[in-house]
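> need the 3D shape of this:
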Amino acid sequence: MLDFVFHNPTKIIFGKGKISKLGEEIVPYSRRILLVYGEGSIKRNGIYYQVVDILKESGIEYKELSGVKPNPRLDSVREGIKLCREHSLDMVLAVGGGSVIDCAKIIAAGFFYDGDPWDFFTRKAKIEKALPIGAVLTLAATGSEMNGNAVISNDETKAKKGVGSSHLLPKFSILDPLLTCTVPPLQTAAGVADIMSHVFEQYFSANEGAYLQDRIAESVLKTCIHYAPIALKEPENYEARANLMWASTIALNGILSTGKLTDWATHMIEHEVSALYDIAHGVGLAILIPYWMEYVLDEQTVGKFAAYAINVWGVTGNNEWEMAKEGIGKTRAFFKALGLPSRLNEVGIQREDLEIMAEKAVTDEELGRFKKLNRQDVLSILKNAF
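Sure, this is the predicted structure:
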């Protein structure tokens, strides 16, 4: 296990009806906030009206930024920064899933930066400060509610990039599983794929010795495997929604990556897919993960894949290769059983764009750590997945 420093100050308020705590969580930081949300689902399911009533009862003034898309756009970030400056707003509240929270984070950071917020993603500027950020989570997927990461898409350049900073950690996040019961089946399934992909990127590590982290990771994966079908069959099953919501948070709040060299190759590849075609991130990951697994399976990695098959899927046998392949097969079958596509051409991807995606994914000489990939490797994975 490698040395590490772990610090995560985000306060989590978890449980039924905990949205009622929203006002008292905001007031220590602000009385004038920007309310950020998506394309209308929180109005259709009534969450928006709950939030607004609480804000009014608590004497909190607010302006709204709506219409944040599933792959949040730079234009929304720019508009949010403008609203905060024009109306002297000094906190950003995100009500939604990871895309909304990511957008809120960069608005909060961009408020203090004179240049364009895209500079954070091209490394022309560093995030030095941010407005306080709060979140009400409505979708179990990204883990953005308890980490300092954000991913934004730039329509002008057809790029999708991520950035991380301790300044982007939310001050608090309210995790009320009841708020996720109206999430449609495809979004629920894609969210589960997103959760599992975060675990995979940290579980399949370039270094050995982090035994505890691996066992936690396997438990998160088994939780997803157990509860995802239940949530799809019984959308209002509280225990299913609660376990998936907490799994989402644990998957990317820093615990699983401590003491490890993590990979993230599949995420970097998927970013280029959804940057060009605007598909849901979890959908893209569900397609790519099994093909990445098959491609990186070799003499050096087979032991880890066999352990994954045994500990997560209950595979038995004496041949590591056979067990590893069975575990990968079960992963693909699980995503398919959730109703997720298994080929890129199923979601409208065109073959002629695969080379462009591979070129943009590998900006340096190699990608990933578990097994290093060059541009040709990435192109092969994309072709296999097509």
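> which residue ranges of the stretch 151-300 of the chain form strands?
Secondary structure of the stretch 151-300 of the chain by DSSP state E, counting those that start in this stretch: the strands cover 159-164, 172-175.
> which strands border the first one, and is each parallel or antiparallel?
Translated: strand 159-164. strand 149-154 (antiparallel) (DSSP bridges).
> residues in contact with the partner strand: which ones?
Applying CB atoms under 8 Å, 6 or more residues apart in numbering, the external contacts of strand 149-154 come out as 71-74, 77, 101-103, 105-106, 117-118, 121, 144, 159-164, 168, 252, 271, 274-275, 278, 281. Quick note: C-beta positions are derived from backbone N, CA and C, even for glycine.
> for ChimeraX, write the select line for the buried members of the residues you listed.
In ChimeraX, a selection of the buried entries from the contacts of strand 149-154 looks like this (16 or more other CB atoms under 10 Å):
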select :71,72,73,74,77,101,102,103,105,106,117,118,121,144,159,160,161,163,168,252,271,274,275,278,281
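> how's the chain carved up into domains?
With domains defined by automatic domain parsing, the chain comprises 11-179, 184-385.
> how about CSV for the ones you listed, with distance to Met1 added?
Output for these, formatted as CSV (distance: least, CB to CB, whole Å):
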stretch, distance to Met1
domain 11-179, 21
domain 184-385, 4
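> between these, which one is closest to Asp3.
Ranking the domains of the chain by distance to Asp3, with CB to CB as the measure, places domain 184-385 first at 7.4 Å.
> follow-up on the earlier one: for the domains of the chain, which one sits closest to Leu2?
Judged by CB to CB, the one of these that comes nearest to Leu2 is domain 184-385, at 4.8 Å.
> pLDDT weak spots in this structure?
In the prediction, the chain carries no residues with pLDDT under 70.
> any idea where the helices of it begin and end?
For the chain, helices defined by DSSP state H occupy the ranges 22-26, 41-44, 47-57, 74-86, 98-110, 185-203, 211-233, 238-251, 265-277, 281-296, 302-313, 320-337, 354-361, 375-385.
> point out the most buried one among the ones you listed.
Burial of the helices of the chain is given as mean neighbour count (mean count of other CB atoms under 10 Å); helix 98-110 ranks first at a mean of 30.
> which neighbouring elements make contact with that one?
Packing contacts for helix 98-110, counted by 3 or more CB pairs under 8 Å, 6 or more residues apart in numbering; DSSP states H and E, involve strand 32-36, helix 74-86, strand 92-96, strand 133-137, strand 149-154.
> for Ala265, find the nearest of the strands of the stretch 151-300 of the chain.
strand 159-164 (13.5 Å).
> run the chain-centre distance for that closest one.
Between the centre of strand 159-164 and the centre of its chain there are 12 Å (CA atoms, centre = their mean, to the nearest Å).
> compute the inter-axis angle for it and helix 354-361.
Angle, strand 159-164 to helix 354-361, by axes from the mean of the first three to the mean of the last three CA atoms, to 10 degrees: 30 degrees.
> which ones are touching the spatially closest residue to Phe4 that is not a sequence neighbour?
Counting by CB to CB, 6 or more residues apart in numbering, the nearest residue to Phe4 once its immediate chain neighbours are dropped is Thr258, at 4.5 Å. Neighbour list for Thr258: Phe4, Phe6, Ala210, Gln213 [criterion: CB under 8 Å, 6+ apart].
> ok, and the most crowded of those residues?
Ala210 (22 neighbours; other CB atoms under 10 Å).
> I'd say that one and Gly259 touch.
Yes: counting by CB atoms under 8 Å, Gly259 is a contact partner of Ala210 at 4.6 Å.
> overlap of the contact sets of these two?
Joint contacts of Ala210 and Gly259 (CB under 8 Å, 6+ apart) are Met1, Leu2.
> in space, not sequence, find me the middle residue of the protein.
Nearest to the geometric centre of the chain sits Thr142, at 2.3 Å (CA atoms, centre = their mean).
> I'd like to know how far the residue lying closest to Met293 once chain neighbours are set aside sits from Ile225.
Among residues not flanking Met293 along the chain, Ile328 sits closest, at 4.6 Å (CB to CB, 6+ apart). Distance, Ile328 to Ile225, using CB to CB, to the nearest Å: 14 Å.
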